[in-house]
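Enquirer: structure for this input, please:
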Amino acid sequence: SVFSSLGLRQMKVDAVLLRYLVPHYVKDVYGTPEANACAGVCNAIDDVMLNAEQRCVDPEVISDDEYYDAEKDEIVTPFLLVQQFLFNDDGDQNVMERISFS
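Expert: Sure thing, here's the model as predicted:
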């Protein structure tokens, strides 16, 4: 299967969100002394992103991490989109409380 440019952009946002959530849910006690559990999950996310980039039909967007949001008339990055999702205007982490599974 292949990814469109929009699909790859969504994968980049998802990868940033997962990297933010991994330390919250994956504790180092699950790893071994030689292999950190968080690092192992982050390496798997990196591998997924490499495969998604290889399968993207539009090679011009692979290195493009800034996107123009026509609705808001501004430039956004995957990291900024995740920040906007996780934090409200006051900087509170209300969304994190809603998506916490504990």
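Enquirer: tell me what the longest helix seen in the chain is packed against?
Expert: In the chain, taking DSSP state H as the definition, the longest helix is helix 5-25. Applying 3 or more Cβ pairs under 8 Å, 6 or more residues apart in numbering; DSSP states H and E, one finds that helix 5-25 contacts helix 37-54, helix 78-86. Every C-beta, even on glycine, is put in place using the N, C-alpha and C of the backbone.
Enquirer: who does the last one touch, helix- and strand-wise?
Expert: Based on contacts counted as 3+ Cβ pairs under 8 Å, 6+ apart, the elements that helix 78-86 packs against are helix 5-25, helix 94-99.
Enquirer: ok so, going back, with mean pLDDT, distance to Pro23 and mean neighbour count added, can I get the helices and strands packed on helix 5-25 in a markdown table?
Expert: A markdown table is the format used below for the helices and strands packed on helix 5-25 (pLDDT from 0 to 100; distance: least, Cβ to Cβ, whole Å; neighbours: other Cβ atoms under 10 Å):
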| stretch | mean pLDDT | distance to Pro23 | mean neighbour count |
| --- | --- | --- | --- |
| helix 37-54 | 90 | 6 | 14 |
| helix 78-86 | 85 | 14 | 16 |
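Enquirer: turn the ones you listed into a markdown table, columns for distance to Ser63.
Expert: Below are these laid out as a markdown table (distance: least, Cβ to Cβ, whole Å):
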| stretch | distance to Ser63 |
| --- | --- |
| helix 37-54 | 9 |
| helix 78-86 | 13 |
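Enquirer: circling back to that earlier point, out of the helices and strands packed on helix 78-86, deepest packed?
Expert: helix 5-25 (a mean of 17; mean count of other Cβ atoms under 10 Å).
Enquirer: now do the contacts for the closest residue to Val61 other than its chain neighbours.
Expert: Among residues not flanking Val61 along the chain, Ser5 sits closest, at 4.3 Å (Cβ to Cβ, 6 or more residues apart in numbering). Residues in contact with Ser5, defined by Cβ atoms under 8 Å, 6 or more residues apart in numbering, are 56-58, 60-61.
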